[in-house]
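build me a structure from this.
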Amino acid sequence: MRQNVLGCEVDNLDMEETLRRIEDFVASGLPHQHVVINADKVVKAHRDEALRDVINRCDLINADGMPVVWAARLLGQPLKGRVTGVDLFFRLIERAAERGWRIYFLGAREEVITQLVSTMRALHPRLIIAGQRNGYWKPHEEADVAQAIRDSHADLLFVAISSPKKESFLATYQTMMRVPFAMGVGGTFDVATGRVRRAPRWMQNSGFEWFYRFLQEPRRMFRRYFIEDMFFFWLLAKALLSRGRQRATA
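Okay, here's the model as predicted:
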């Protein structure tokens, strides 16, 4: 069931339900777009109506960040939990190797994606990598990038470029590329290659994974976590106040 959390739609699915939905997408052969929602994405969507529309039209939307899970619970529409992009990525890689799904990696710097391909092949020798490309291209090259992905006949497309460029690219070209499942993966390529360490499990489960990320790159992440994402909690407070007024009126 899909529900709205602070203006963004979210599918109330756990990991296994999400994987089954993706299996259906691949089996259909039709293009589908996926997105994960966290505090940063909610803030960007609130300020960018076009981005919000792209997100809400996606075929599969998971709650990645614990603040989104908390917000849904406080607003009276609890989610089954979060399905993080990085966890979903690794589960899909395993499934692709088992079932012969073709993978395309798009994004990040050239040295990162080259290392990613090498790492994934070492871990999963049966994995079929249909293609790869770094995330740097000029506007006039964008259609050629999409055509290369179409020509690869990939089943799964993992995209590691920044928002909203990522969502815009997929919304524009997903139908043409004909990839059954396209997923934005944020910094997952850096995690998969060991360039960025993931937080300990207890920090992930308690909702403090963001703080571990901040400690790794404080100068880069300070503005996002302590300035921009604070707007998320203002949106939540506003929504809770509105909900309280509606209850009082009723």
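
nearest residue to Pro200 in space, please, no chain neighbours.
Tyr212 (7.5 Å; C-beta to C-beta, 6 or more residues apart in numbering). Every residue, glycine included, has its C-beta placed from N, CA and C.

wait, what's in contact with the one you found?
Neighbour list for Tyr212: Arg198, Ala199, Pro200, Met203 [criterion: C-beta atoms under 8 Å, 6 or more residues apart in numbering].

which positions in stretch 51-66 come out as buried?
Along stretch 51-66, these residues count as buried under the neighbour rule (16 or more other C-beta atoms under 10 Å): 51-52, 54-56, 58-66.

would you work out how far apart the start and end of it are?
21 Å (C-alpha to C-alpha, to the nearest Å).

just give me how far that stretch sits from the chain centre.
Counting by C-alpha atoms, centre = their mean, to the nearest Å, stretch 51-66 is centred 8 Å from the centre of its parent chain.

ok, and the most crowded of the contacts of Tyr212?
Arg198 (20 neighbours; other C-beta atoms under 10 Å).

okay but Pro69 is in contact with Asn62, surely?
Careful, residue 69 is Val and not Pro. No - counting by C-beta atoms under 8 Å, Val69 stays clear of Asn62, with 10.6 Å between them.

need the overlap of contacts for those two.
Common neighbours of Val69 and Asn62 (C-beta under 8 Å, 6+ apart) are Arg82.

identify each buried residue in whichever helix in the chain runs longest, please.
In the chain, assigned by DSSP state H, the helix with the most residues is helix 230-249. Counting neighbours by 16+ other C-beta under 10 Å, one finds that the buried residues in helix 230-249 are Phe231, Phe232, Leu235, Leu236, Ala239.

give the contact list for the nearest residue to the third one once chain neighbours are set aside.
Across the structure, with C-beta to C-beta, 6+ apart as the measure, the residue nearest Leu235 apart from its sequence neighbours is Leu6 (5.0 Å). Leu6 makes contacts with Val42, His46, Val68, Ala71, Leu75, Phe232, Leu235, Leu236, Ala239, as judged by C-beta under 8 Å, 6+ apart.

and the residue nearest to Pro200, which of the three is it?
Secondary structure assignment for Tyr212 (DSSP: H, G, I helix; E, B strand; the rest coil): helix.

backbone dihedrals for Thr175, please?
With angles defined as degrees, to the nearest 10, Thr175 sits at phi -60, psi -40.

again but with Val43, I slipped
The phi/psi pair for Val43 (degrees, to the nearest 10) is phi -60, psi -50.

give me the number of residues near it?
Neighbours around Val43, by other C-beta under 10 Å: 20.

what of Asp24?
12.

just say helix, strand or coil for the spatially most central residue of the chain.
Centroid check for the chain by C-alpha atoms, centre = their mean gives Val36 as the closest residue, at 3.7 Å. The local conformation at Val36, judged by three-state DSSP, is strand.

and it, what pLDDT?
With respect to pLDDT, Val36 has a value of 93.

then Asp11?
Predicted confidence (pLDDT) for Asp11: 97.

quick one: residues contacting it.
Met1, Arg2, Thr18, Arg21, Leu60, Ile61, Asn62.

now do Val86
Going by C-beta under 8 Å, 6+ apart, Val86 touches Val185, Gly186, Thr188, Val191, Arg198.

among these, which one lies nearest to Ser162?
Using C-beta to C-beta, Gly186 is the member of the contacts of Val86 that sits closest to Ser162, with 8.7 Å.

pretty sure the closest one sits against Phe89.
No - applying C-beta under 8 Å, one finds Gly186 not in contact with Phe89, separated by 9.5 Å.

can you list residues touching both of these two?
By C-beta under 8 Å, 6+ apart, no residue touches both Gly186 and Phe89.
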